[in-house]
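>>> Predicted coordinates and the sequence they were generated for:
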Amino acid sequence: MKNKKDKPLYEKLYETIKDGIISGKIKEGDKLPSKRAFADLNGVSVITASGAYGLLIDEGYVYAKERSGYFVGSGSDKKANYKYGDGEKIEDFAESVDFKFSAFSKIMRKVITEYDRALLVKPPAFGVTRLRKAIAGYLYRYRKMDVNFENIIIGSGSEYFYGMIVALLGRERTYGIESPSYEKIKLAINASGGKTEGLKMGENGILTEELEKTSATVLHVTPFNSYPTGVTANHTKRKEYVTWAKKKNGFIVEDDIDSEFAVGTKPVDTVFFLANGENVIYLNTFSKSLAPSMRMGYMILPDSLVKEYKEKLGFYSCTVPAFDQYVLAEYIDGGYFERHLNRIRRKIKEKKD
């Protein structure tokens, strides 16, 4: 068992504050220093401070209040908080934008009428072709990703896909993950039999020296708004990930969750795009962009893995009902999805401005 002195610095800082809250030395409602001030007080980087605060927020001991700072909570709220930059939760933006239920319900009625008994048929293992083509079209329009729809697999979310990836690439491999990162990434990979190695984060992503010395041959990255640090990898770092995979003859798992909420002049190029789709497995989900109840995501395999996936895992049934897939396909093809995202991005921009 790992002892306290072996733990990363951000975990030690997290435990120090947590112990203070539990003991009553730090009281509910107390305001904490900003991340930068906290970093200066403890002689650590802002990234380390962000990691400590992220864990505290994740467990409900601390909460972020817009334009006010960080405050001690009751410790009773255990819901994970996905932050946007300076402590805003993306859910706050998504939930504050009126979801067009009238349009969605109209699409549901249309699907029931037009698809009829086809909705009762078990969907193909990779998912309904109509949805896979809709996703491919959306990615080409929005992310410049020229993807063959046959490489797209529909599933019930990233945690499901982590298990499939370990089964595909091998349990004997070491999977490098960002440190700190969302805890469920490590848990899901470990539960599937894979070994994980934490790689320290810098201001733009995983530190170069960490990439150089790791024994991992698979690298899991969240290039946009990585949790809990809020770090977004720049173009140079993303290219570095691509170079790393080529040198290692390994693979990158790019979890592009939250990327639809980028509010710059154009989205940052995905690692998948920069690698021309080679050696990169791309993941994304609709649980954040639409609703947490929308337990649907997709995985894009590079050409080199499609045949192997079919041979090893093609017997698995698709975990998403056909009805949900047809509804989402209509929603994307009708332009509703992109208009919904545009409303959220405008809201985010207004908040930032």
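Alright, I've got the coordinates. Numbers count the residues shown, from 1 in each chain.

>>> Kindly confirm my reading that Lys200 is in a strand.
Yes. Assessed with DSSP: H, G, I helix; E, B strand; the rest coil, Lys200 lies in a strand.

>>> Beta-bridge partners for it, please?
Judged by DSSP bridges, the bridge partners of Lys200 are Ser179.

>>> Pull the contacting residues for it.
Lys200 makes contacts with Pro8, Ser179, Ile206, Leu207, Glu210, as judged by Cβ atoms under 8 Å, 6 or more residues apart in numbering. All C-beta atoms are positioned from the backbone trio N, CA, C, and that covers glycine.

>>> Okay, now the unreliable bits of the stretch 201-350 of the chain?
In the predicted model of the stretch 201-350 of the chain, residues 263-267 satisfy pLDDT under 70.

>>> Which parts of it are strands?
Using DSSP state E, counting those that start in this stretch, the strands assigned to the stretch 201-350 of the chain run over residues 218-221, 251-255, 280-285, 297-300.

>>> So what's the residue count around Leu120?
Neighbour count for Leu120, taken as other Cβ atoms under 10 Å: 9.

>>> The residue lying closest to it once chain neighbours are set aside: what's it in contact with?
Closest residue to Leu120 in three dimensions, ignoring its sequence neighbours and counting by Cβ to Cβ, 6 or more residues apart in numbering: Ala322, at 7.8 Å. Neighbouring residues of Ala322 by Cβ under 8 Å, 6+ apart: Ala118, Leu119, Leu120, Val121, Lys122, Pro123, Val128.

>>> Now render these as JSON lines, adding secondary structure, pLDDT and distance to Lys184.
Shown next, in JSON lines, are the contacts of Ala322 (DSSP: H, G, I helix; E, B strand; the rest coil; pLDDT from 0 to 100; distance: Cβ to Cβ, whole Å):
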{"residue": "Ala118", "secondary structure": "helix", "pLDDT": "88", "distance to Lys184": "35"}
{"residue": "Leu119", "secondary structure": "helix", "pLDDT": "91", "distance to Lys184": "32"}
{"residue": "Leu120", "secondary structure": "helix", "pLDDT": "90", "distance to Lys184": "33"}
{"residue": "Val121", "secondary structure": "coil", "pLDDT": "91", "distance to Lys184": "33"}
{"residue": "Lys122", "secondary structure": "coil", "pLDDT": "92", "distance to Lys184": "29"}
{"residue": "Pro123", "secondary structure": "coil", "pLDDT": "94", "distance to Lys184": "26"}
{"residue": "Val128", "secondary structure": "coil", "pLDDT": "96", "distance to Lys184": "27"}
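
>>> export stretch 14-27 as PDB, just CAs?
Extracted C-alpha coordinates of stretch 14-27, given in PDB (Å, rounded to 0.1, in the frame of the first residue of the first chain):
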ATOM      1  CA  TYR A  14      -5.400  18.000  -0.600                       C
ATOM      2  CA  GLU A  15      -5.200  15.800   2.500                       C
ATOM      3  CA  THR A  16      -3.800  18.600   4.700                       C
ATOM      4  CA  ILE A  17      -6.800  20.900   3.900                       C
ATOM      5  CA  LYS A  18      -9.200  18.000   4.100                       C
ATOM      6  CA  ASP A  19      -7.900  17.100   7.600                       C
ATOM      7  CA  GLY A  20      -8.200  20.700   8.600                       C
ATOM      8  CA  ILE A  21     -11.900  20.800   7.500                       C
ATOM      9  CA  ILE A  22     -12.700  17.500   9.200                       C
ATOM     10  CA  SER A  23     -11.000  18.500  12.400                       C
ATOM     11  CA  GLY A  24     -12.900  21.900  12.400                       C
ATOM     12  CA  LYS A  25      -9.700  24.000  12.200                       C
ATOM     13  CA  ILE A  26     -10.900  25.200   8.800                       C
ATOM     14  CA  LYS A  27     -14.600  25.900   9.100                       C
END
